[in-house]
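Peer 1: Provided below for reference: sequence and predicted model.
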Amino acid sequence: MADPAVARSGFHLPAPEGEAGGRPEGTGHLPVIRRLDSQTINQIAAGEVVERPASAVKELVENALDAGATRIEIDLERAGRALIRVSDNGIGMTEDQVLLALERHATSKITRAEDLLAVSTMGFRGEALPTLASVSKFRLSSGVAHGARVVVTAHGGQVQVSSGDVGPRGTTVSMEDLFFNVPARLKFLRTDATELSAIVDAVSRHAIARPDVAFTLRHAAGGPAHEALRTSGSGDFATTLQEVWGRDLTAALLLVDHYQDGVRLTGMVSPPHVSRATRTHQWLWVNGRPVRSKTLMAAIDQAFRAWTPERRYPLAALMIWTDPAGVDVNVSPTKSEVKFRDESTVFRAMVSAIKRAVAASGMVPGAEAVHLANEAARDARGDSPAGSPPEMPWGPGAFGMSQRAQAPLGGEESTAWLGAGTLFARPFAGGSNGLADGVSLGAAGGVTGVLPDLLHEFRLIGQWAATFILGDSPHGLIVIDQHVAHERILYERLWAERARDGVPVQPLLSPETLHLSRASALIAQQNLAELARAGFDVEPFGPESFLVRGVPAIWRGRSPLSVLRDVLDELAEGRAAGCLGTGTADVFAMAACKMAVKAGDPLAEAEMKKLVEDLATLDNPFFCPHGRPITILIPTSDIARRFKR
């Protein structure tokens with residue numbers, strides 16, 4: 001009898017033979033299991049390895065790098081649909097090696113399964129060339145010395161060997177009519193512009209990872225070819241990043257060079273005030289391999305958590321060097337994902353590296369900067385100072401990078417802040433944004449250097465919507481968010497008081513009892529020391545209760561129990577999301593937020609003036625501890641333009 005649930009689903013199992021509804025006895029055929037031919041196998045593999053033209057280019061570039069190339073040239077027609085040609089000056093191949101390379105799972109990179117535990121090459125699966133040959137009109141020309149070259153062509157699975165090419169040592173692989181025999185795959189390709197963008201992105205990531213290799217990428221779209229990318233092969237990471245990302249984007253980046261717990265991190269990150277709406281400019285490499293990693297991106301978010309607004313992302317180009325035995329690169333056929341044996345160690349090292357770089361940049365308040373630097377130093381293990389790790393057998397040199405390429409970014413004389421002297425010296429010149437946008441003081445390319453002067457010239461107009469303080473200045477209309485301004489003031493005051501003699505505590509007339517959930521009670525227990533540093537005198541009073549005996553002397557307004565409960569809830573939420581930062585910074589930021597005046601609080605004229613005066617004295621009057629902008633300037637010229645003046 002049919003199962004009613006199955007009947008309702010619309011899915012029907014075939015009845016056994018000989019029963020009603022089944023195949024009559026003696027008729028029909030059982031499915032036959034067959035061996036697939038090599039061409040079909042390769043096309044199936046191509047579905048995993050070669051998703052689009054960018055995948056093909058990536059595989060060929062990785063082969064060139066593994067061959068020791070110092071110059072790689074890539075030519076494209078119609079974004080790789082009509083032609084992909086990759087030429088290199090690597091070690092080349094003999095005829096026997098070429099023919100073997102076109103067989104599936106034939107590789108020079110590994111010889112046994114144990115080798116996967118310490119892979120130091122870009123490729124190792126032995127799938128790229130045969131799969132590429134199965135979905136294109138394929139031609140490979142290679143030589144181990146200047147002179148005659150072996151030539152192999154493959155079309156529809158038929159391989160032919162010939163000679164006649166003459167050229168320098170190296171290899172050239174050409175693919176024409178990509179996916180000509182897999183029309184279904186062609187339907188999923190995007191526009192030429194989109195596919196070309198993906199290719200440029202893939203090549204750029206390899207170019208930055210290997211600054212000692214000169215890359216050239218040319219593209220023809222039915223006419224003369226134009227250069228889409230060129231790097232000089234200078235061997236300098238910062239120079240190559242600038243060649244790829246552009247001078248404007250890289251001019252204000254911070255240098256990162258940090259060693260901790262067997263992990264070395266080098267690269268660049270943006271200062272706190274520079275961010276983007278997407279992660280487009282968060283590029284990561286592990287042992288020289290471009291990767292995408294949720295763990296590493298979460299570490300970047302954690303490091304910038306106090307300075308960057310929600311849904312804004314800092315720029316980062318970071319290389320992680322660690323023992324290959326602790327990294328699994330065989331997670332997917334594209335080799336773009338990795339797993340770490342000890343994710344927490346890598347996570348902590350990255351957070352410390354970024355915080356150390358930001359602390360050295362002068363972009364955070366003095367007391368907070370000292371705390372961040374001390375924290376990073378405390379987290380670092382061993383006697384080796386950051387930037388001078390012990391010799392690592394798995395360091396950059398082990399992955400084909402020259403000594404010049406692996407040098408710290410700019411050498412010993414480099415400061416941790418590129419362009420610090422010029423960024424803050426930029427004269428104010430009225431912004432060009434529209435009235436609706438204004439200029440966020442502290443935003444990139446703007447007026448950070450003169451914000452204290454603007455605030456000293458501030459002439460109070462009044463309060464608007466019980467949320468914003470409006471003021472006049474020689475440069476235009478200043479709008480200050482009263483909550484985030486007060487939050488920043490309290491946050492820096494907490495740090496300053498802690499740096500002097502500790503945050504003063506104001507005893508309560510009578511202790512108050514704070515009752516918490518089990519989860520929040522555990523968080524409170526774990527953070528009692530941090531709460532004490534922030535000026536909260538709290539002690540356990542039963543399994544899920546605490547006595548609150550004192551609060552920070554700068555306390556204002558709300559009930560201590562309400563504020564503490566909110567702080568602990570946010571700490572618990574951060575821990576559950578895996579993004580809990582350092583206790584002191586978190587508690588200070590949350591306490592300042594909860595104690596600050598709120599949007600909707602009416603302020604007297606004296607209170608508004610005092611708030612602006614205090615803001616003008618801060619080390620960082622640009623952003624609140626959570627990264628929101630404090631002040632917006634609407635230039636007079638913009639207002640006049642809106643009135644057609």
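Peer 2: Nice, I can see it.
Peer 1: secondary structure class for residue 69?
Peer 2: coil (DSSP: H, G, I helix; E, B strand; the rest coil).
Peer 1: Return the residues in contact with it.
Peer 2: 88, 89, 90, 170, 213 (C-beta atoms under 8 Å, 6 or more residues apart in numbering). All C-beta atoms are positioned from the backbone trio N, CA, C, and that covers glycine.
Peer 1: any idea how far residue 552 is from residue 483?
Peer 2: To residue 483, residue 552 is 18 Å away according to C-beta to C-beta, to the nearest Å.
Peer 1: So the two - more neighbours on which side?
Peer 2: residue 552 (24 against 20; other C-beta atoms under 10 Å).
Peer 1: where does that one fall, phi/psi-wise?
Peer 2: phi -60, psi 140 (degrees, to the nearest 10).
Peer 1: isn't residue 482 right up against residue 604?
Peer 2: No. Applying C-beta atoms under 8 Å as the test, residue 482 and residue 604 come out as separate, 12.0 Å apart.
Peer 1: The two: who's more crowded?
Peer 2: The neighbour comparison of residue 482 against residue 604 (other C-beta under 10 Å) goes to residue 482, with 24 against 9.
Peer 1: what residue is smack in the middle of this structure?
Peer 2: The geometric centre of the chain, computed from its C-alpha atoms, lies nearest to residue 282 (C-alpha atoms, centre = their mean), at 3.1 Å.
Peer 1: Tell me the spatial nearest neighbour of that one, not counting adjacent residues.
Peer 2: residue 316 (4.8 Å; C-beta to C-beta, 6 or more residues apart in numbering).
Peer 1: pretty sure that neighbour is in contact with residue 269, am I right?
Peer 2: Yes. Applying C-beta under 8 Å, one finds residue 316 in contact with residue 269, separated by 4.7 Å.
Peer 1: which secondary element of the chain has the worst mean pLDDT?
Peer 2: Using mean pLDDT, DSSP states H and E, helix 420-423 stands out as the lowest-scoring helix or strand of the chain, at a mean of 26.
Peer 1: ok, back up a step: just the contacts of residue 69 now: which is nearest residue 594?
Peer 2: Distance to residue 594 across those (C-beta to C-beta) is lowest for residue 213, with 52.5 Å.
Peer 1: burial count for the closest one?
Peer 2: 27.
Peer 1: Quick check, residue 253 in contact with residue 315.
Peer 2: Yes. Residue 253 lies in contact with residue 315 (C-beta under 8 Å); the separation is 6.8 Å.
Peer 1: who has more neighbours, the two?
Peer 2: Just comparing residue 253 and residue 315: by other C-beta under 10 Å the higher neighbour count belongs to residue 253, 27 against 24.
Peer 1: which one is the more buried one nearest to, not counting chain neighbours?
Peer 2: Using C-beta to C-beta, 6+ apart, the closest residue to residue 253 is residue 268 (4.1 Å).
Peer 1: what residues are up against the one you found?
Peer 2: Taking C-beta under 8 Å, 6+ apart as the definition, contacts of residue 268 comprise 237-238, 241, 250, 253-256, 315-318, 409, 418.
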